[in-house]
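Visitor: What follows is a predicted protein model with its sequence.
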Amino acid sequence: MKGSKATPLALITWEGQTVAQANSRGAFRFTSTTLPPSCVGDVGDGSETVQG
């Protein structure tokens, strides 16, 4: 999964577990190997949460 509109330098979480950190422009990327076992849930940057 990747994104480009996170809060700059925010920790990216999946179901409450940190899986990545946004760069200074708000871009981030993570793979299924960094996700909790269910691979279904909410992704958040501390400001906003979306379902994934």
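Guide: Received, thanks.
Visitor: ok, now which ones touch the residue nearest in space to the middle of the chain?
Guide: Geometric centre of the chain, nearest residue: Ile12, 3.2 Å, by C-alpha atoms, centre = their mean. Ile12 is in contact with 3, 6, 18-22, 28, 30, 43-45, counting by C-beta atoms under 8 Å, 6 or more residues apart in numbering. Where you see a C-beta, it was placed from the backbone N, CA and C, and this is true even at glycine.
Visitor: For it, which residues count as its bridge partners?
Guide: Bridge pairing for Ile12 (DSSP bridges) gives the partners Ala20.
Visitor: For it, report the pLDDT, please.
Guide: What the model reports for Ile12 is a pLDDT of 90.
Visitor: any idea how far it lies from Ser24?
Guide: Distance of Ile12 to Ser24, computed by C-beta to C-beta, to the nearest Å: 14 Å.
Visitor: Also Thr18?
Guide: Thr18 is 18 Å from Ser24, where distance means C-beta to C-beta.
Visitor: just Phe30 next, same as before
Guide: From Phe30 to Ser24 the distance is 17 Å (C-beta to C-beta).
Visitor: Neighbour count: those two, which is higher?
Guide: When neighbours are counted by other C-beta atoms under 10 Å, Phe30 and Ser24 differ, and Phe30 comes out ahead with 17 against 7.
Visitor: what's the pLDDT at the more buried one?
Guide: 84.
Visitor: before we move on, what about Gly3?
Guide: So, for Gly3, pLDDT stands at 87.
Visitor: Identify the residues contacting the nearest residue to it once chain neighbours are set aside.
Guide: Nearest residue to Gly3 in three dimensions, chain neighbours excluded: Phe28, at 5.5 Å (C-beta to C-beta, 6 or more residues apart in numbering). Going by C-beta under 8 Å, 6+ apart, Phe28 touches 2-4, 6, 12, 20-22, 45.
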